[in-house]
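1. sequence plus the predicted model coming up.
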Amino acid sequence: MAKEKPDAAEKTFTLTNDETGDSVKLPVVEGTCGPPVIDVRKLYAETGHFTFDPSFTATGSCKSRLTYIDGEEGILMHRGYTIEELTEKSSFLEVAYLLLYGDLPNKAEKEKFDHSITTHTMVHEQINYFYRGFRRDAHPMAIMCGIVGGLSAFYHDSLDIWDPQQRELSAHRLIAKIPTLAAMTYKYSIGQPFMYPRNDLNFAENFLYMCFALPAEPYKVNPVLANAMDKIFILHADHEQNASTSTVRLAGSSQANPFACIASGIASLWGPSHGGANQAVLEMLDEIGTKENIPEFIKRAKDKDDPFRLMGFGHRVYKNRDPRAEVLKSAADEVLADLGVNDPMLEIAMELEKIALEDPYFVERKLFPNVDFYSGIILRAMGFPTSMFTVLFALARTVGWISQWKEMIEEPSLRIGRPRQLYTGPAERPYVPIEKRK
Ligand code: SDX
């Protein structure tokens, strides 16, 4: 655990006001690994100054034990286990347990956890009627925002955030029910009946079954797709304090119930700069159409006057490689080969990656494929429409969101998050009656 209060021997930073010569000594706090932080909590009280970091590029918002990212080295670890090992040797539900409880489960713990998740996959029958209120062509993320927020209208017995049992029940309900709601959202969009979950299938198999089975005939889940689905979920499970996780934490800091907090995370993830990028990548590859068109789009991506960006490229933290993109790229080859799919999109994507990574603009800015670049190609090959890609991201990230929320609520020093600002509006001025306005 990082030391909260430095003792005399601890490191400090001294900040000096060059105008007045006044200075303040600020404690430096070190974690297990990664950059140390300067604790600025007493800065305003002692200097009358706020810090200023509008998009939080240099701001640590919390302590956390869940996930560590090293942007320079391209490292992603969950509770000390690398993403490469977890995708190769673990399963999504085991990673969910790891994020929620801190260690890999033993056999009995895993069976108990898997059973709890499996037996919470059904949703209240009344929830089916929510869907009827949406247009069939509603964006699936619009439906998910609404329905997940509405879950707090059903599960009154797990809304007390100060009761550990109720926190755990909410966490299990969300991890278990969001795949069911996601599958129902997909079925609703294509006019097919909802498929109830099956307790004899594992997490990924059950999700694919609920999406692609029909009541009219038996359906066997393709084990290659189930394995790829589970791997994709692991890769999207948690990612430190990204935009949607920070949204969930800020919502949770006001003591909002966990269902409302996860709905806020879904809303934030939807943006094309964040989780919505996986849909935007496929739409971009569609727009590019052929390898011959790639140079024109690279040119547009570099043009400051053109809002076009190379979707699936760049990352706030990773400045050398996104380890998840590499796993997804090899998974894409496997799935397409197994399905016998020869998707020209993959060819265009690989050519685009090759050209971009040789272009000084991208090299200088350290822009290269992120987690969203290859995921869409696999999901499309699996039969999902692009509009469902971010829903699948949200399904997996629910595990990270609720684990981060649980960690925050369990912190002894939970306080409402309340950033300040630099005010640049008008100074005080008298009210002008309308007849005197110009
Ligand atoms: C996710 O934070 C997370 O962990 C997120 C995530 C997670 O798991 O939660 O990893 C998931 O959101 C991945 C990112 C998916 N988004 C996209 O693929 C959209 C395209 N990428 C960009 O919008 C952008 O790269 C961001 C949003 C990902 C990062 O934005 P930053 O860190 O604010 O970087 P920036 O916008 O300041 O860009 C720095 C420079 C700028 O040029 P200059 O002003 O320095 O000349 O790089 C350029 C940008 O114009 N740039 C791009 C670009 N991304 C950045 N130029 C062209 N195409 C791009 N994709």
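-> Noted; the coordinates are in hand.
2. pick out the residue of this structure closest to the ligand.
-> G314 (2.4 Å; CB to the nearest ligand atom). For every residue, glycine as well, the C-beta is placed using N, CA and C.
3. quick check: that residue touching R365?
-> Yes. Counting by CB atoms under 8 Å, G314 touches R365, with 7.2 Å between them.
4. the ligand contacts on the stretch 51-200 of the chain?
-> Counting by CB under 6 Å from any ligand atom, no residue of the stretch 51-200 of the chain lies close to the ligand.
5. for the stretch 51-200 of the chain, which segments are assigned as helices?
-> Along the stretch 51-200 of the chain, counting by DSSP state H, counting those that start in this stretch, helices occupy 83-89, 92-101, 107-118, 127-132, 140-150, 164-189.
6. now do the strands in this protein.
-> For the chain, the strands defined by DSSP state E cover 12-16, 23-29, 37-38, 67-70, 75-78, 81-82.
7. could these go into JSON lines alongside mean pLDDT and mean neighbour count?
-> JSON lines is the format used below for these (pLDDT from 0 to 100; neighbours: other CB atoms under 10 Å):
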{"stretch": "strand 12-16", "mean pLDDT": "97", "mean neighbour count": "12"}
{"stretch": "strand 23-29", "mean pLDDT": "97", "mean neighbour count": "16"}
{"stretch": "strand 37-38", "mean pLDDT": "98", "mean neighbour count": "17"}
{"stretch": "strand 67-70", "mean pLDDT": "97", "mean neighbour count": "19"}
{"stretch": "strand 75-78", "mean pLDDT": "97", "mean neighbour count": "21"}
{"stretch": "strand 81-82", "mean pLDDT": "98", "mean neighbour count": "15"}
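8. now the ones you listed in a markdown table, with distance to I178?
-> What follows is the strands of the chain, written out as a markdown table (distance: least, CB to CB, whole Å):
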| stretch | distance to I178 |
| --- | --- |
| strand 12-16 | 43 |
| strand 23-29 | 35 |
| strand 37-38 | 33 |
| strand 67-70 | 20 |
| strand 75-78 | 19 |
| strand 81-82 | 23 |
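9. among the ones you listed, which is nearest Y219?
-> Distance to Y219, taken as CB to CB, is lowest for strand 75-78 among the strands of the chain, at 32.2 Å.
10. which elements pack onto the closest one?
-> When contacts are defined as 3 or more CB pairs under 8 Å, 6 or more residues apart in numbering; DSSP states H and E, strand 75-78 packs onto strand 67-70, helix 83-89, helix 92-101, helix 323-339.
11. at 6 Å what do you get?
-> strand 67-70 (3 or more CB pairs under 6 Å, 6 or more residues apart in numbering; DSSP states H and E).
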